[in-house]
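[1] My questions concern the predicted model and sequence given below.
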Amino acid sequence: MDDDRSAFPHSIPGQYAFPMLFMAVSAAGLFLIGDPPGLIAMKTTSVPLLFLASRGLDAIFLSDASRRPWTAAFFERHFLDSVIFACWLTVVMWSPSLTATGQIRSFLVTVTIMTAIKALLSGFSTGSDDRQE
């Protein structure tokens, strides 16, 4: 019998354990900050969409060009990943008192900062990995 422990992330429970745990933690956090039950349900159901969109990006950017630092595909991958996260964050942080201008501003700031940080961290870590080979 082959005892390969790395097979767990590729199994059905391994693929869905983290999103389900993230949904439970999100629901508990939203409950603790006092959101009404309907809003908690709406915000919690956005979690699987975050993971589906992220997996879709992984499927789209399979080529090595998206992993090569400082290329157009590299920046596009990080930008789209940031947009997905900022969309989810906009849904989760929504409250009736927020204005459209404030939401748009926070969305754009989140995308800009996250894209820059992800690109810099990923670019420098990939560059140092290439130099060690």
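    Right, received. Where do you want to start?
[2] Can you point out the buried residues in the helix or strand hosting Arg77?
    Here Arg77 sits within helix 72-93, counting by DSSP states H and E. If you call a residue buried by 16 or more other C-beta atoms under 10 Å, then helix 72-93 has these buried ones: 74-90, 92. Using the backbone N, CA and C atoms, a C-beta is placed for each residue, glycine as well.
[3] what about it, average pLDDT?
    Regarding helix 72-93, the rounded mean pLDDT is 92.
[4] ok, and for the helix or strand that comes right after that helix, which residues are buried?
    Sequence order places helix 100-132 as the next helix or strand after helix 72-93, per DSSP H and E. Of the residues in helix 100-132, Phe107, Thr110, Val111, Met114, Thr115, Lys118, Ala119, Ser122, Gly123 count as buried by neighbour count, 16+ other C-beta under 10 Å.
[5] The residue nearest the centre of the chain and Ala41, how far apart?
    Residue closest to the average C-alpha location in the chain (C-alpha atoms, centre = their mean): Phe85, at 4.6 Å. For Phe85, the distance to Ala41 equals 21 Å [C-beta to C-beta, to the nearest Å].
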